[in-house]
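Student: mind folding the following:
(one chain, ligands or ions: 1)
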Amino acid sequence: MDLHKFSISQLLDGLKNKQFSSTELTKHYLKRISKHDDDLNSYISVTEDLALKQADAADKRYHDDKALPLDGIPLAHKDIFCTKGVLTTCGSKMLANFEAPYSSTVYERLNSKGMVMLGKTNMDEFAMGSSNETSYFGPVKNPWNLRNVPGGSSGGSAACVSAELAPVATATDTGGSIRQPASLCGLTGIKPTYGRVSRFGMIAFASSLDQGGVLSRSAEDAALVLEAMSGHDPKDSTSLNYEAPDLISDINKPIKGMKIGLPKEFFEKEMPEYSQKSIQQAIEVYKNLGAEFVEISLRNINLSLPIYYIIAPAECSANLSRYDGVRYGYRCNDPKDIDDLFMRTREEGFGAEVKRRILIGTYVLSAGYYDAYYLKAQKCRRLVANDFLEAFEKVDVILSPTTPGTSFKAGEKTNNPLEMYLQDIFTIPANLVGLPGLSIPCGEHEGLPLGMQLIGNSLEEAKLLQFAHSYQLNTDWHKNMPNL
Ligand code: GLN
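Tutor: Modelled structure (predicted):
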């Protein structure tokens, strides 16, 4: 049986009806990983023993008629989510030997729903990057074309789901790291409203922007897993005080009469012809489904990238100050004194991109520059938020490209950070404002997939998934996989 072709609800049916066991399903995936992952490098750790133990426990629950909501479904976790007793590296030499003493809420919640962890996925170091080339554990390849990047920073999660080495994976998105790799690997990727998914035990990059979410092969799969991992968590003070949303009940409702905003500033940008064509076709699909289109203006949207590259490095410089060789993680050999310990540990433990961000962040927060850069960026962030508030008075969702184009060649942008940063030009605004956003496949060019982005109003993940699902019921782009 081609179990790796099954959707999550098909897998749940198969498990319930005893067509196959979770142990068989888990072994099927482990076999695929050992066959294909040497080429892709999408996993940092494969937790075979643990997975088989969890699968066995799931099988017993099925046998006893006590199955949990997602019982026996395998998944991969981005290696940014702490997992007790299992390596959690965040893609860095700094944490290359770090075994977390506790598990993240995301892991705990999915575990408590019966999900089986196959392993931890590769990622850009501390989630900084758009191509998964900054990982200490080596670059990840795009399964659609091994010479290309899968996107980042959740490149391992994206590559393993699109290569069908896991049915679904967790991921995080600070400026686009779920949606951009989803676009480049032909997946559905959703970043919920800031605060929907607990950040407890999710290693911090930029705390006011980081948000956990899901990379999957369809909106329906994403809904099932996102619902299971969301909801208030007293261990995270920025967690929103709402129960997990119901993401499934309304997913089949028609979108007829609903309004989609097209931000003119996004469409004024230079775009490859194939992107324009794909987006135009997607617009036609939605028109046929009865959606209405409204042109909107997000006047200050062009400030988003500069705002992000002040605020994200500022928060990163504060968050990463904890890696000093004293408490945990990497420590340099034979330090001469305490200054030498701090300096050499950080010099040797962090990669170039992380250092670049720490330098920028320390600079924009330093006395004399704080007002000119950091404070100003925060004020501009409010302007962008106001634009969205106004827009959502008129529309239900906002549609745009996810990325400027399809996946690029490995090495193509590594020497030009600015060009790399432009990958996230369409995704960053949702992080700045804390809004939910998703990417779904909407076309292909020269054998590589391309996504479109939908941004929703605060807490409206269900509506976003309803839009994504109705598109997927009427198109086949999301069904195309590289077929390894
Ligand atoms: N690519 C962006 C960056 O490098 C976003 C990363 C992310 O979302 N984690 O900061």
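Student: residue numbers of the stretch 301-450 of the chain in contact with the ligand?
Tutor: Within the stretch 301-450 of the chain, the positions lying close to the ligand (CB under 6 Å from any ligand atom) are 312, 424. C-beta coordinates here come from the backbone N, C-alpha and C atoms, glycine included.
Student: tell me, how many residues neighbour the residue of the stretch 301-450 of the chain found nearest the ligand?
Tutor: Relative to the ligand, the nearest point of the stretch 301-450 of the chain is residue 424 (4.8 Å; CB to the nearest ligand atom). For residue 424, the tally of surrounding residues (other CB atoms under 10 Å) stands at 27.
Student: check contacts around the closest residue to it other than its chain neighbours.
Tutor: Counting by CB to CB, 6 or more residues apart in numbering, residue 176 is the residue found nearest to residue 424 once chain neighbours are left out, at 3.8 Å. By CB atoms under 8 Å, 6 or more residues apart in numbering, the contact list for residue 176 reads 130, 402, 423-424, 426-428, 431.
Student: look up how far residue 128 lies from residue 176.
Tutor: 12 Å (CB to CB, to the nearest Å).
Student: quick check: residues of the stretch 51-200 of the chain near the ligand?
Tutor: Counting by CB under 6 Å from any ligand atom, the stretch 51-200 of the chain sits next to the ligand at 127-130, 153, 173-177.
Student: most neighbours among the residues you listed, which one is it?
Tutor: Busiest of those [other CB under 10 Å] is residue 177, holding 37 neighbours.
Student: hmm, that one is touching residue 154, no?
Tutor: Yes - contact status for residue 177 versus residue 154: in contact at 4.8 Å, counting by CB atoms under 8 Å.
Student: now do the shared contacts for the two.
Tutor: 127, 171.
Student: coming back round to it: quick one, phi/psi of the residue of the stretch 301-450 of the chain closest to the ligand?
Tutor: phi -100, psi 20 (degrees, to the nearest 10).
Student: and if you look at residue 216?
Tutor: According to degrees, to the nearest 10, residue 216 has phi -150, psi -180.
Student: so what's it bridging to?
Tutor: residue 188 (DSSP bridges).
Student: distance check, it against the ligand.
Tutor: Per CB to the nearest ligand atom, to the nearest Å, residue 216 is found 18 Å from the ligand.
Student: just residue 254 next, same as before
Tutor: Taken as CB to the nearest ligand atom, the span from residue 254 to the ligand is 33 Å.
Student: that residue: helix or strand, and which one exactly?
Tutor: Under DSSP states H and E, no helix or strand contains residue 254.
Student: residues contacting it?
Tutor: Contact analysis of residue 254 by CB under 8 Å, 6+ apart lists 289-290, 470.
Student: could you rerun that using 10 Å?
Tutor: 289-291, 466, 470 (CB atoms under 10 Å, 6 or more residues apart in numbering).
Student: from those residues, which are also near the ligand?
Tutor: Okay, of those, nothing touches the ligand (CB under 6 Å from any ligand atom).
Student: check the secondary structure at the residue lying closest to residue 23 once chain neighbours are set aside for me.
Tutor: Excluding its sequence neighbours, the residue lying closest to residue 23 (CB to CB, 6+ apart) is residue 55, at 4.6 Å. The assignment at residue 55 comes out as helix when based on DSSP: H, G, I helix; E, B strand; the rest coil.
Student: is it true that residue 55 touches residue 47?
Tutor: No - applying CB atoms under 10 Å, one finds residue 55 not in contact with residue 47, separated by 11.4 Å.
Student: neighbour-wise, which of those two wins?
Tutor: Regarding residue 55 and residue 47, a neighbour count based on other CB under 10 Å identifies residue 55 as having more, with 26 against 22.
Student: look at residue 483 and report its pLDDT.
Tutor: pLDDT recorded at residue 483 is 82.
Student: what about it, helix or strand, and which?
Tutor: Judged by DSSP H and E, residue 483 forms part of no helix or strand.
Student: go ahead and confirm it touches residue 32.
Tutor: No - applying CB under 10 Å, one finds residue 483 not in contact with residue 32, separated by 11.9 Å.
Student: joint contacts of those two?
Tutor: 163-164.
Student: just the residues of the stretch 51-200 of the chain next to the ligand: which are in strands?
Tutor: Per DSSP state E, strands hold the following members of those: residue 173.
Student: follow-up on the earlier one: neighbour count winner among residue 483 and residue 32?
Tutor: residue 32 (19 against 10).
Student: which one is that one nearest to, not counting chain neighbours?
Tutor: Going by CB to CB, 6+ apart, residue 32 has residue 165 as its nearest residue, at 5.2 Å.
Student: what's the answer for residue 50, then?
Tutor: Closest to residue 50 by CB to CB, 6+ apart is residue 117, at 6.3 Å.
Student: let me see the contact set for the one you found.
Tutor: Taking CB under 10 Å, 6+ apart, we find residue 117 in contact with 26, 45-47, 50-51, 54, 74-77, 81, 83, 86, 107, 110-111, 166, 170.
Student: quick one: it is in a strand?
Tutor: Yes - assessed with three-state DSSP, residue 117 lies in a strand.
Student: tell me how far it lies from residue 212.
Tutor: Counting by CB to CB, the gap from residue 117 to residue 212 is 15 Å.
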